[in-house]
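[1] sequence and computational prediction follow.
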Amino acid sequence: MMPTLAPPSVLSAPQRRCQILLTLFQPGLTATTATFSELNGVDDDIASLDISETGREILRYHQLTLTTGYDGSYRVEGTVLNQRLCLFHWLRRGFRLCPSFITSHFTPALKSELKRRGIARNFYDDTNLQALVNLCSRRLQKRFETRDIHFLCLYLQYCLLQHHAGITPQFNPLQRRWAESCLEFQVAQEIGRHWQRRALQPVPPDEPLFMALLFSMLRVPDPLRDAHQRDRQLRQSIKRLVNHFRELGNVRFYDEQGVMRSALYPPRPGVKSQFVCHRY
């Protein structure tokens with residue numbers, strides 16, 4: 001008698017890993033290999049392989065470790081800043097790879113935990129959050145795409161949950177100066193004041209710094225409008241880097257201006273966030 005083979009998962013490996021990572025950030029859930037096996041429709045061997053690959057990826061790109069508890073449950077460990085940057089990257093990826101998972105699992109779990117913590121509903125009401133994001137859009141003179149609006153509304157709820165739990169990222173002096181120099185810092189302070197009006201505890205001083213970082217990672221560079229000192233410094237740094245590479249390699253670029261534009265305004269999504277992650 002031939003053994004019965006389980007049908008292959010309808011999800012691709014990137015989709016499965018994305019759902020694993022977002023599940024690990026999902027509040028109030030204990031996740032084991034069996035959890036991921038059932039979630040992704042694979043056997044335990046494939047689930048274990050996906051978990052290992054996810055762990056290697058977050059270690060490489062976000063300096064985070066995936067640890068196993070005595071009960072076989074998994075958790076992400078590392079600094080709050082690295083964890084938030086990791087979620088920034090994977091949640092945005094999730095809106096492309098597994099939007100139904102975000103709608104049916106991640107979002108309800110987040111809202112349920114906000115309600116359980118007794119956080120006032122007007123803080124995480126979708127209409128109010130969209131109004132806040134639209135305000136930020138006007139202040140930054142940047143039009144957010146629909147997917148970015150949905151992402152921000154959800155991501156801000158996660159940050160709000162951490163804020164009420166007393167969990168906030170820490171910035172060193174260099175990181176602090178960089179964030180305070182951002183165009184987005186004033187908008188971030190406005191968000192802090194909005195939260196402070198009805199918060200149960202004061203907004204930590206580093207929270208607006210992270211909000212500035214958050215909006216700077218979503219900002220699309222514009223070579224015609226970017227006249228801030230930081231933008232000029234970045235252009236000069238890239239120009240020096242290209243010149244150094246040309247001299248060191250004794251090469252001549254066919255289109256040197258094109259090389260600098262590609263370095264400054266990369267077309268691939270996520271490059272800026274990775275650049276910021278490495279800088280931090």
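    Looks like it arrived, so ask away.
[2] shouldn't residue 113 be within a helix?
    Yes. Assessed with DSSP: H, G, I helix; E, B strand; the rest coil, residue 113 lies in a helix.
[3] so what's it closest to, chain neighbours aside?
    Among residues not flanking residue 113 along the chain, residue 27 sits closest, at 4.0 Å (CB to CB, 6 or more residues apart in numbering). Yep, even glycine has a C-beta here, placed from its N, CA and C like the rest.
[4] residues in contact with that neighbour?
    By CB atoms under 8 Å, 6 or more residues apart in numbering, the contact list for residue 27 reads 109, 110, 113, 161.
[5] and for residue 78?
    The neighbourhood of residue 78, defined by CB under 8 Å, 6+ apart, consists of 62, 63, 64, 65, 86.
[6] so the last one makes contact with residue 62?
    Yes. Proximity of residue 86 to residue 62 meets the contact threshold set by CB atoms under 8 Å, at 4.1 Å.
[7] now do the buried residues in the strand or helix carrying residue 152.
    Using DSSP states H and E, residue 152 maps to helix 146-164. When burial is assessed from 16 or more other CB atoms under 10 Å, helix 146-164 yields the following buried residues: 148-164.
[8] tell me what it is packed against?
    On a contact count with 3 or more CB pairs under 8 Å, 6 or more residues apart in numbering; DSSP states H and E, helix 146-164 meets helix 80-97, helix 107-116, helix 121-124, helix 126-140, helix 185-196, helix 206-218.
[9] give the buried residues for the longest one.
    So the one you mean is helix 80-97. Of the residues in helix 80-97, those scored as buried under the neighbour-count criterion (16+ other CB under 10 Å) are 81-95, 97.
[10] past that helix, which element shows up next along the chain?
    From helix 80-97 onward toward the C-terminus, using DSSP H and E, the following helix or strand is helix 99-101.
[11] contacts for that next one?
    The contact list for helix 99-101 (CB under 8 Å, 6+ apart) reads 18, 19, 22, 94.
[12] those: which two are farthest apart?
    Maximum pairwise distance in the contacts of helix 99-101, criterion CB to CB, is 7.7 Å, between 19 and 94.
[13] for residue 248, grab the count of nearby residues.
    The local packing of residue 248 (other CB atoms under 10 Å) involves 8 other residues.
[14] same question for the one 4 residues further on.
    When neighbours are counted by other CB under 10 Å, residue 252 registers 7.
[15] now do the SS call for it.
    With three-state DSSP as the criterion, residue 252 reads coil.
[16] residues contacting it?
    Residue 252 sits in contact with residue 246, where contact means CB under 8 Å, 6+ apart.
[17] distance-wise, check it relative to residue 244.
    Going from residue 252 to residue 244 by CB to CB, to the nearest Å gives 14 Å.
[18] tell me the spacing between residue 51 and residue 69.
    13 Å.
[19] between those two, which one's more packed in?
    For residue 51 versus residue 69, the count of surrounding residues by other CB under 10 Å is larger for residue 51: 23 against 10.
[20] so in the protein, where's the weakest helix or strand by average pLDDT?
    Ranking every helix and strand in the chain by mean pLDDT, DSSP states H and E puts helix 271-279 at the bottom, with a mean of 41.
[21] average pLDDT across stretch 120-131?
    For stretch 120-131, mean pLDDT is 86.
[22] do the same with stretch 47-58
    97.
[23] kindly report the same for stretch 94-103.
    Taken as a whole, stretch 94-103 has an average pLDDT of 96.
[24] same thing with stretch 240-252?
    This predicted structure assigns stretch 240-252 an average pLDDT of 76.
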